[in-house]
Structure formats: C-alpha cells, structure tokens
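Engineer: sequence-free structure coming up:
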Ligand code: NDP
Ligand code: OXD
C-alpha cells in the first residue's frame, strides 16, 4: 500500500494520479480507513510529527522534494531507504531559473533598470559572456544541468563540489581547500548545494568578499536557488548595500514565507522569488515514483537513495 502525506501541496490530486498509475495497487491518504501496518511506501512533503506512527511494515520513504534536509531532521524518521526526486523536468525548470538570472546579472540589469527609471542615457558595455565566469556550487544533478545549459551561451564556467568532477568546458574545483580559489575567479555565483551541516551559512559576507571584483560593474552577483539555510541574510543585505555584491537573486530564505519586515524586499539590487525556481511536477512525479514502486516490488534495486551519513 502507498500512503500519501503531503503538506502545502494538492494531495488529493496526486493521490488520484497515483491511484490511476498504480492500479490495482492500493493508494491511501491520511483520514482514509486503512491499517497503518499495511503501508509499504510513504510519499512525503513536509511530514507532520506523527507521519510515520504505526507504519511497522514500511519499506521505502519517497520524497517529493529533491532536497531532503528538512526530512532528515524529522524526529521519528524510520530507518528505511529514502528516495528523493530526481527528474529531467525538475532539472529543466531549475536551469530555466538559473539561466534567466545569470543572463540578467551578466547584462547588468540592475544598472540599466535604474538608468531607465532616471531617464538617463549613458552607454556602458557589459563584458562578453566569455569574459564573465559563472561559478556553480554543487555539481550534482542540478548543477550539471545548469552548466550544460549555460555552456552554449558562451560563459566561462567553473564548479565546486565535495568530490572532483570532470565536465567538459567546466573548470572543476573540489573540497574546502579549493573553495577560495574557486571563488576568486567567479563573477556570478550560483548555489545548488544541498543543505547539510557543512554547507549551512556558506553564503556569508566572508564568501562574498572572496568573489572576483572588477569584471561585472557594480560587483559580483549571487544566485541562491537551493536552501535558505545556506544564506546569512544580514550579510547579504550588508554586501548588497556596500558593493561587496552588485546583485542577488534569492528563491529561498532563512524563514519562508519571507517576513514582510525583511530588509531584502526593499533592495533594488535584490531579486526575490517565493521558492518557485523548480516545482516538482505532478505528472513527472507520479511517473517517476510509480516506476520506482513497480521496480522495487519486482525486486530491482532502488535508485536515487539518500546517503544519510552525507546528508544528501
Ligand atoms: P545532488 O545531491 O545531486 O548534488 C549535490 C552537489 O553538492 C554534489 O555535487 C555534491 O558533491 C555537492 N556538495 C554536497 N556537499 C558539499 C560540500 N560540503 N562541499 C562541496 N560540495 C558539496 O543535489 P541536486 O543537484 O539534485 O539538488 C541540489 C539542491 O537543490 C537540493 O538539495 C535542494 O536543496 C535544492 N533544490 C531547490 C529547489 C527550489 O525550488 N529552490 C528545487 C529542487 C532542489 P559530490 O558530487 O562530490 O557529492
Ligand atoms: C525541492 C524543492 O527540494 O522544491 O524539491 O525545494
């Protein structure tokens, strides 16, 4: 039996789609009449504290989110394999966001928007794409896709990950020892890391100060589409105000929804979106997780299982 436990998402619609895809395998929601001991799979997003109570026969946890940082902090998370969402549609949506914001900052949107508002005609030429370096933090599923999409646009690319990668057209840095070298040649920093104890607060004033200055007029830019816990928002405000950063695009926040009192709302060089960079699409999600359930029931190994020791 598959149990759905989704918050802030249309659970009824997902349940209906799963029931169709998995028929005649039983699909239930909280509140339905079922024995929790019969549940083999649970599909979760923001599970409540009692989500796993009584699921004595549980075999696999399926995460609607690609990021599992919050789920790993659940106080009663059962010790069974946890499969996260990895999907071409999700990657495409995330790369759409990254490409849009990289090109916006590369072409100095903040400056020319301000000029337009002031009715000021002042010619100034942004550097070419090849003279501008995009540094991607996190070279996993999403980081690699973002690099693949940015490459044909002509940007110089570099990446930073825990273990070394070899990706054509990308200068690959790895590990804490190479972090500063990675930052020192980066004009537009894109964060696609998972949130772990090691990466918490990595988008700090100290980090921004190590980015390359002098290529992008106004200062380097940062784009965070991963998790709010990566960023120190007070540091971002300070850096955007004193020129340590020229601009920031933020899709995620320390507290979501971003409180109306946050100074980030007011900053002309800060571009805020409400955690919409890449939504898990219902059609793709049902296809992906139905296949995982069917293959697991047929005795095949699970894919995209989270390594709990690494935290992603
Ligand atoms: P992956 O697990 O595929 O990739 C993670 C990458 O980060 C890997 O390259 C990994 O290195 C690297 N990494 C992890 N820890 C460190 C570290 N301490 N130092 C350096 N590099 C590190 O994740 P995805 O690409 O699928 O997703 C990334 C994140 O994007 C998710 O965790 C989620 O938080 C966020 N996300 C946000 C969405 C949104 O709408 N805003 C939507 C979807 C995801 P290595 O390869 O060596 O292991
Ligand atoms: C995810 C997200 O992790 O939407 O998938 O943030």
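Structural biologist: Great, that's in hand. None of these values were measured; they are calculated from a predicted model. Numbering: from 1, shown residues only. Ligands and ions are numbered 1, 2, ... in the order given.
Engineer: what's the pLDDT at the nearest residue to residue 181 once chain neighbours are set aside?
Structural biologist: Nearest residue to residue 181, sequence neighbours excluded (C-beta to C-beta, 6 or more residues apart in numbering): residue 173, at 6.2 Å. Yep, even glycine has a C-beta here, placed from its N, CA and C like the rest. At residue 173, the model reports a pLDDT of 98.
Engineer: and the helix or strand hosting residue 173, which residues are buried?
Structural biologist: Using DSSP states H and E, the element containing residue 173 is strand 170-174. Residues 170, 172, 173, 174 are the ones in strand 170-174 that count as buried (16 or more other C-beta atoms under 10 Å).
Engineer: how about it, does it reach ligand 1?
Structural biologist: No - residues of strand 170-174 contacting ligand 1 under C-beta under 6 Å from any ligand atom: none, with a closest distance of 6.9 Å.
Engineer: Tell me the helix or strand right after that strand.
Structural biologist: Heading C-terminal from strand 170-174 (DSSP H and E), you reach helix 179-184.
Engineer: What is the distance between that following helix and the centre of its chain?
Structural biologist: Mean-position distance between helix 179-184 and its chain equals 21 Å (C-alpha atoms, centre = their mean, to the nearest Å).
Engineer: Report all helices and strands that the next helix or strand after that helix contacts.
Structural biologist: Next helix or strand after helix 179-184 toward the C-terminus (DSSP H and E): strand 188-191. Applying 3 or more C-beta pairs under 8 Å, 6 or more residues apart in numbering; DSSP states H and E, we find strand 188-191 packed against helix 88-106, strand 133-137, strand 221-224.
Engineer: Go through those and name the closest to ligand 2.
Structural biologist: helix 88-106 (6.7 Å; C-beta to the nearest ligand atom).
Engineer: in whichever helix or strand comes after that closest one, what counts as buried?
Structural biologist: Scanning forward in sequence from helix 88-106 by DSSP H and E, the next helix or strand is helix 109-117. Going by neighbour count (16+ other C-beta under 10 Å), the buried part of helix 109-117 is 109, 110, 111.
Engineer: contacting residues around the first one?
Structural biologist: With C-beta atoms under 8 Å, 6 or more residues apart in numbering as the criterion, the residues that contact residue 109 are residue 247.
Engineer: I'd like to know how many residues surround residue 66.
Structural biologist: Burial of residue 66 is recorded as 21 neighbouring residues (other C-beta atoms under 10 Å).
Engineer: before we move on, back to that, pick the one among the buried residues of strand 170-174 closest to residue 61.
Structural biologist: Using C-beta to C-beta, residue 174 is the member of the buried residues of strand 170-174 that lies nearest residue 61, at 29.9 Å.
Engineer: Surely that closest one is in contact with residue 158?
Structural biologist: No - with contact taken as C-beta atoms under 8 Å, residue 174 and residue 158 are classed as non-touching, separated by 11.2 Å.
Engineer: For residue 161, list the residues it contacts.
Structural biologist: Applying C-beta under 8 Å, 6+ apart, we find residue 161 in contact with 138, 139, 140, 143, 172, 173, 174.
Engineer: Same check on residue 96?
Structural biologist: Contacts of residue 96 by C-beta under 8 Å, 6+ apart: none found.
Engineer: My guess is residue 1 contacts residue 27. True?
Structural biologist: Yes - between residue 1 and residue 27 there is a contact at 7.5 Å, judged by C-beta under 8 Å.
Engineer: what about these two, which has more around it?
Structural biologist: residue 27 (24 against 17).
Engineer: The more buried one is in contact with residue 2, isn't it?
Structural biologist: Yes - the criterion here is C-beta under 8 Å, and residue 27 meets it with residue 2 at 4.8 Å.
Engineer: joint contacts of these two?
Structural biologist: residue 18.
Engineer: Which single one of the buried residues of helix 109-117 is nearest to residue 270?
Structural biologist: residue 110 (9.2 Å).
Engineer: Pick the most deeply packed of the helices and strands packed on strand 188-191.
Structural biologist: When you average the neighbours per residue for each of those (mean count of other C-beta atoms under 10 Å), strand 221-224 leads with a mean of 28.
Engineer: Which residues does it contact?
Structural biologist: Contacts for strand 221-224 (C-beta under 8 Å, 6+ apart): 98, 101-102, 105, 187-191, 203, 208, 211, 230-231, 236, 245-252.
Engineer: Can you add distance to residue 179 and pLDDT and give the buried residues of helix 109-117 back as JSON lines?
Structural biologist: Shown next, in JSON lines, are those (distance: C-beta to C-beta, whole Å; pLDDT from 0 to 100):
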{"residue": "109", "distance to residue 179": "28", "pLDDT": "98"}
{"residue": "110", "distance to residue 179": "27", "pLDDT": "98"}
{"residue": "111", "distance to residue 179": "29", "pLDDT": "98"}
